[in-house]
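# everything below, folded, please.
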Amino acid sequence: MLINTMTEGEKQNNIDAHHEAGHAVACFKFHIPIIEVLLTDKEKVTTHEGNSGFDEKDFFTDRKTRERYTGLIVVAFAGTDSARRIDKKAGLNQDDYCEAVKYSKMIYSEDKARVQFQKSLELKASELFNIPKYQHAVETLAKRLLEKPCIPGEEAELIIKNAIKDFMEQKGI
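Residues are numbered from 1 along each chain as shown. From the prediction side, this is the model:
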């Protein structure tokens, strides 16, 4: 019989580590450079290069612009989805939701279309972590975050890349 000896504080740190690792892995997947991943008492944040020079018409006509903004919204939802895999009760982080809404409003001014678009990308974030290599990358980065609560972007990207590579080699893929 396995007895869970984690304190409430340790459980919350584990949830937070998975949340931030989820953001980072989604950034990696969507080629959004990671600046840093933090897990401290004062800050729990994954910073990345956000929007610059957005033009709504580019979203609908330029594939790279569409992929970038779709990726930014998925990144916003990815933290919560990753945390929910550790604790089903983990709620949607308000800052993450505001980030998703901000990017969605840049694309869709009509509420109904925006909400539908956001829901489809929230599902996409969830589906991302149904892929075992990304689950493994989240687990690996979360574990490292618990050991080292401030990971620079290049190091985080290398941890993710190596975790995926190791997973693929273990599975013979």
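# please count neighbours and contacts with C-alpha atoms only from this point.
Will do.
# tell me the mean pLDDT for stretch 131-138?
Confidence for stretch 131-138, expressed as mean pLDDT, is 96.
# make residue 1 into 8 and carry on from there
Renumbered: residue one is now 8, and that last one reads stretch 138-145.
# tell me how far that stretch lies from the chain's centre.
Put simply, stretch 138-145 sits 12 Å off its chain's centre (CA atoms, centre = their mean, to the nearest Å).
# who touches that stretch?
Here stretch 138-145 makes contact (CA atoms under 8 Å, 6 or more residues apart in numbering) with 25, 28-29, 32, 89, 135-136, 166-168, 170-171, 174-175.
# any of the residues you listed buried? List them.
For the contacts of stretch 138-145, a burial check counting by 16 or more other CA atoms under 10 Å picks out 25, 28-29, 32, 89, 135-136, 166-168, 170-171, 174.
# for stretch 68-76, list the C-alpha coordinates in CSV.
These are the backbone C-alpha positions of stretch 68-76, laid out as CSV (Å, rounded to 0.1, in the frame of the first residue of the first chain):
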residue,chain,number,x,y,z
THR,A,68,-4.3,35.4,-44.4
ASP,A,69,-0.8,34.5,-43.0
ARG,A,70,-0.3,30.9,-41.7
LYS,A,71,2.6,31.8,-39.5
THR,A,72,0.7,34.6,-37.7
ARG,A,73,-2.3,32.3,-37.2
GLU,A,74,-0.1,29.6,-35.8
ARG,A,75,1.7,32.0,-33.4
TYR,A,76,-1.5,33.5,-32.0
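# can you show me the helices along this structure?
Applying DSSP state H to the chain gives helices spanning 15-36, 63-68, 70-91, 101-114, 118-135, 139-154, 160-177.
# want to throw the ones you listed into CSV with distance to residue 46?
Below are those laid out as CSV (distance: least, CA to CA, whole Å):
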stretch, distance to residue 46
helix 15-36, 7
helix 63-68, 33
helix 70-91, 13
helix 101-114, 16
helix 118-135, 21
helix 139-154, 7
helix 160-177, 13
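# if you average pLDDT over each of these, which is lowest?
helix 63-68 (a mean of 62).
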